[in-house]
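K.L.:
pasting the sequence and the predicted model now:
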Amino acid sequence: MKGFAEMDNFTVNAKISASSAAVPKLHFSVLPNAKMASEPSLISPLTSLKITGPLPGGRQLTRPLDIVIAYDDGEVVVSEPRFHIHAVGATRVEALKEFRRILSEELDELTADEEELGPRLQLELQYLRNLIRTA
Amino acid sequence: MAGLESDKVEKMLLRKMHATRRESKDVHYIIYNDQKKQVSKTRLSKGAKHSLGPNRVSEMAHQLGLETAKQFRDLVDCKLSRDDALKIIERNLPPSSTFQDN
């Protein structure tokens, strides 16, 4: 699939049977996300992604994390599939930013409450400690 | 499947599941069992009543440890009791052996 910055370029001879040396040509470009009347959409919304890299507070993910992206009416929902830690935003970028914030916050909150966690949240804390490294 | 209104979800979490409410950038709801252990938690955005779409409802249901979004709806609609919900949440643990994988 072509990237967003790439365009398909076409050159068309306006006069196919011209005998003249200087044949006029038409040039036009089609952006890859432009919709043609008979063409189905080439770009489907993303439904999964691996994220890596920094989290707020100078933290890092220790490994690529598979996340799921879903679309509600006017809202993007980003989640990880193990404990369903999730975030929402008006756009995918906003939801992903919120997701990174919430992942980092969850680690802080579970750590602060460690003494009173039941088995499920103890497992979630262990999962986040494996997933997040403080720089 | 239709979504849910945030005020009804909050009412269910606070009144029915006796969740503790904490505010930060979001509002956190922490559910305790009768032994005063935190069994699960979820979040709602701060602010006025808003609609929660079906994908978000499903994520909240699974984050709480319920098995299906329907169980979450049943809690909101008073078709599922607190005790039964706690039983589901406490038996529905993710497998710990897979934490290193992705």
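P.N.:
Happy to help now that I have it. Residues are numbered from 1 along each chain as shown, chains lettered A, B, ... in the order given.
K.L.:
which one is A:Leu117 nearest to, not counting chain neighbours?
P.N.:
Closest residue to A:Leu117 apart from its sequence neighbours, by CB to CB, 6 or more residues apart in numbering or on different chains: B:Gln38 at 5.2 Å. (C-beta placed from N, C-alpha, C; glycine too.)
K.L.:
got any ranges where chain A has weak pLDDT?
P.N.:
For chain A, the stretches flagged by pLDDT under 70 are A:1-44.
K.L.:
do a quick rundown of the strands in it.
P.N.:
Assigned strands in chain A, in chain order: A:8-13, A:25-30, A:48-51, A:54-55, A:59-61, A:65-72, A:75-79, A:86-89, A:132-134 (criterion: DSSP state E).
K.L.:
export the ones you listed to CSV and append columns for distance to B:Met60 and mean neighbour count.
P.N.:
Listed next are the strands of chain A as CSV, based on distance: least, CB to CB, whole Å; neighbours: other CB atoms under 10 Å in any protein chain shown:
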stretch, distance to B:Met60, mean neighbour count
strand A:8-13, 43, 10
strand A:25-30, 42, 10
strand A:48-51, 20, 13
strand A:54-55, 22, 17
strand A:59-61, 23, 16
strand A:65-72, 12, 18
strand A:75-79, 10, 24
strand A:86-89, 8, 22
strand A:132-134, 22, 14
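K.L.:
ok, which of those strands comes nearest chain B?
P.N.:
Nearest of the strands of chain A to chain B, taken as CB to the nearest CB: strand A:65-72 at 2.5 Å.
K.L.:
show me what contacts A:Thr111?
P.N.:
Shown in contact with A:Thr111 (CB atoms under 8 Å, 6 or more residues apart in numbering or on different chains): A:Leu125.
K.L.:
so B:Lys87 is in which element?
P.N.:
helix B:82-91 (DSSP states H and E).
K.L.:
helices and strands around that helix, which ones?
P.N.:
helix A:119-131, strand B:38-45, helix B:69-76 (3 or more CB pairs under 8 Å, 6 or more residues apart in numbering or on different chains; DSSP states H and E).
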